[in-house]
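A.B. asks: no sequence on this one, just coordinates:
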């Protein structure tokens, strides 16, 4: 029998990245200690554990990409590398005493809502347990996406995704195909270009790239932040304020981004002298429509003689030959995919079964939507961190995570106030109303009008990923739970026939 079989906890948190660890800290600060954190890997860190490729670093300033309740005066650089962020998360885990709550090597296989007991029954790779409330913090950048390429399974060389980097494979002297030109690829390319014999970059869509103004944070600055903690807060506040002021250009006045495009073109022209290559690398959509990338080394690397840029996606593999959609061929020893993640079709959604016996994936078949980015109708006492329409295009996701933690804390307080066995199920009408507001605001944003196809959009072309406003607005919207937006569920009386579970239809009527 598994060690934790038949265990019951008040809260089960899924994932130990920023969202999961943040939830765990907030639970403890709320006086809740009856919780577990279920982690499929053997250490904490989430995406900052999984992404260990050469050059991996954050494109948000260090002092803004950290918890407000756990400031770090000792960030070594203005933009921190993966190893420093992962070390920070390990330190948060120890500082707040979270390790006793974490179940490593415990991947969630299935979680099913029990309408009689008002609890979630959870099966993991290390045993089963149940919980009153589930907080899903698996994150949208956790499951790598590799396109279905004909012939890939017969490729005789090495194949891996950027988020599953094979550190045992020596790239020195190899012919390498890099697939994709997103945030990971522009860090990988300059990191491996000097050591490979030839690098072929398959670019389906060029990215807008601005210089990365990165520098070492001096010992004097770090000493000042340690001695006077308010200086760390001031630095964080200034970084936050600048980004809040930028939001309107993305959400209401995309035309104002023309100046930023000019800066990006000048950045390219400084490094790329070949007009043909410059034409390949120049996007035909408004800057900001896809994530703006930061690098001061990407363009110089592409200008090197051992690099070929193919302005087309990979379409086929024939033995050791990779073939682009435009017919370009290259002989390679290794293929590295920088093709992103399952963002709008998260695999965890297939494993969550709600009150009506439907999986979350089935409920979201026409697109993800959740009340205030947290609660899905028909999935009582289930909340998600970094849920639908909580992503950002220009600031730190830690700000959004902390807002959702405020909402989670008030959710649990409301359950306490209700007393006894109770559950909250988001009313379909409330979810629809929230989603309608978000999508109406989305219509004029650069992400919808900029003329690109991005991972922000789902299969139906709807933007179910990004928040179309400031982080301050989102914090205001998630400060507390409005019980009018939820149906309150109670268990059926033991001496009476089971009361019918509120369905999507009758919940809508009661709303």
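C.D. replies: In hand now; what should we look at? Since this is a predicted model, take the numbers as computed values, not measurements. Numbers count the residues shown, from 1 in each chain.
A.B. asks: The longest strand seen in the chain pairs with which strands, parallel or anti?
C.D. replies: When the chain is parsed with DSSP state E, its longest strand is strand 127-136. Partners of strand 127-136 in the sheet, by DSSP bridges, are strand 7-14 (parallel), strand 119-124 (antiparallel), strand 382-384 (parallel).
A.B. asks: residue contacts, residue 198?
C.D. replies: Going by Cβ atoms under 8 Å, 6 or more residues apart in numbering, residue 198 touches 175, 176, 306, 307, 308, 330. Glycine gets a C-beta too; all of them are placed from N, C-alpha and C.
A.B. asks: which residue ranges form the strands in the stretch 1-150 of the chain?
C.D. replies: Per DSSP state E, counting those that start in this stretch, the stretch 1-150 of the chain carries strands over the ranges 7-14, 35-38, 102-103, 108-114, 119-124, 127-136.
A.B. asks: for the stretch 351-500 of the chain, that is, sorry about that
C.D. replies: Under DSSP E, counting those that start in this stretch, the stretch 351-500 of the chain gives strands at 352-353, 382-384, 423-426, 486-489.
A.B. asks: Determine the set of other helices and strands touching the third one.
C.D. replies: With contacts defined as 3 or more Cβ pairs under 8 Å, 6 or more residues apart in numbering; DSSP states H and E, strand 423-426 has these neighbours: helix 397-418, strand 486-489.
A.B. asks: for the shortest one, same thing?
C.D. replies: In terms of contacts (3+ Cβ pairs under 8 Å, 6+ apart), strand 352-353 is packed against strand 108-114.
A.B. asks: Okay, now the unreliable bits of this structure?
C.D. replies: Along the chain, segments meeting pLDDT under 70 span 1-5, 494-511.
A.B. asks: Could you chop it up by domain?
C.D. replies: 7-143+342-510, 152-213+240-337 (automatic domain parsing).
A.B. asks: nearest to residue 219, of those domains?
C.D. replies: Among the domains of the chain, domain 7-143+342-510 comes nearest to residue 219, with 9.8 Å by Cβ to Cβ.
A.B. asks: contacting residues around stretch 410-421?
C.D. replies: By Cβ under 8 Å, 6+ apart, stretch 410-421 touches 11, 30, 32, 117-118, 132-133, 374, 381, 383, 422-424, 479-481, 483, 488, 490-491.
A.B. asks: Can you say which of the residues you listed are buried?
C.D. replies: 11, 30, 32, 118, 132-133, 374, 381, 383, 422-424, 481, 491 (16 or more other Cβ atoms under 10 Å).
A.B. asks: Could you find which two of these are furthest from each other?
C.D. replies: Longest span within the buried ones among the contacts of stretch 410-421, Cβ to Cβ: 30 and 491, 24.3 Å.
A.B. asks: Please list all residues in contact with residue 57.
C.D. replies: So residue 57 contacts 79, 80, 81, 82, 187 (Cβ under 8 Å, 6+ apart).
A.B. asks: still on that earlier bit, turn the domains of the chain into TSV, including distance to residue 233.
C.D. replies: Converted to TSV, these look like this (distance: least, Cβ to Cβ, whole Å):
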stretch	distance to residue 233
domain 7-143+342-510	7
domain 152-213+240-337	10
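A.B. asks: Ok, which of these comes nearest residue 227?
C.D. replies: Across the domains of the chain (criterion: Cβ to Cβ), the nearest stretch is domain 7-143+342-510, sitting at 8.7 Å.
A.B. asks: Quick one: neighbours of residue 430, just the number.
C.D. replies: 21 (other Cβ atoms under 10 Å).
A.B. asks: Not counting sequence-adjacent ones, nearest residue to it?
C.D. replies: With sequence-adjacent residues excluded and distances taken as Cβ to Cβ, 6 or more residues apart in numbering, residue 430 is closest to residue 485, at 3.7 Å.
A.B. asks: thought residue 438 was touching residue 391?
C.D. replies: No - Residue 438 lies out of contact with residue 391 (Cβ atoms under 8 Å); the separation is 11.7 Å.
A.B. asks: Which of the buried ones among the contacts of stretch 410-421 sits closest to residue 399?
C.D. replies: residue 374 (15.4 Å).
A.B. asks: Pop out the phi and psi values for that closest one.
C.D. replies: Dihedral angles phi and psi of residue 374 (degrees, to the nearest 10) take the values phi -130, psi -50.
A.B. asks: Going forward, the N-terminal residue is numbered 34.
C.D. replies: Sure, I'll start numbering at 34, so the last one becomes residue 407.
A.B. asks: Could you list everything residue 340 pairs with in the sheet?
C.D. replies: With DSSP bridges as the rule, residue 340 is bridged to residue 232.
A.B. asks: can you pull the contacts of it?
C.D. replies: 222, 226, 231, 232, 233, 234, 334.
A.B. asks: now those residues as JSON lines including distance to residue 462?
C.D. replies: As requested, those are exported to JSON lines (distance: Cβ to Cβ, whole Å):
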{"residue": "222", "distance to residue 462": "48"}
{"residue": "226", "distance to residue 462": "54"}
{"residue": "231", "distance to residue 462": "58"}
{"residue": "232", "distance to residue 462": "53"}
{"residue": "233", "distance to residue 462": "52"}
{"residue": "234", "distance to residue 462": "48"}
{"residue": "334", "distance to residue 462": "52"}
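A.B. asks: which among these gets closest to residue 213?
C.D. replies: Closest to residue 213, out of all of the contacts of residue 340 and judged by Cβ to Cβ, is residue 234, at 8.6 Å.
A.B. asks: Could you report the separation of that closest one from residue 240?
C.D. replies: 11 Å (Cβ to Cβ, to the nearest Å).
A.B. asks: shared neighbours of these two, which are they?
C.D. replies: residue 214.
A.B. asks: re earlier: out of the domains of the chain, nearest to residue 262?
C.D. replies: domain 40-176+375-543 (6.8 Å).
A.B. asks: In space, what's closest to residue 249 - neighbours in sequence excluded?
C.D. replies: residue 110 (5.8 Å).
A.B. asks: Distance check, the one you found against residue 63.
C.D. replies: In terms of Cβ to Cβ, residue 110 sits 34 Å off from residue 63.
A.B. asks: same check, this time on residue 215
C.D. replies: Taken as Cβ to Cβ, the span from residue 215 to residue 63 is 37 Å.
A.B. asks: hmm, back to that, looking at the strands paired with strand 160-169, which is buried most?
C.D. replies: strand 415-417 (a mean of 28; mean count of other Cβ atoms under 10 Å).
A.B. asks: List of residues touching that one?
C.D. replies: Outside strand 415-417, the residues that reach it (Cβ under 8 Å, 6+ apart) are 146, 153, 166-170, 385, 387, 403, 406-409, 437, 440-441, 444.
A.B. asks: Neighbours of residue 308, how many?
C.D. replies: Neighbour tally, residue 308, other Cβ under 10 Å: 9.
A.B. asks: give me phi/psi at it?
C.D. replies: Dihedral angles (degrees, to the nearest 10) for residue 308: phi -60, psi -30.
A.B. asks: Most neighbours among the contacts of residue 90, which one is it?
C.D. replies: Most surrounded of these: other Cβ under 10 Å gives residue 220, at 27 neighbours.
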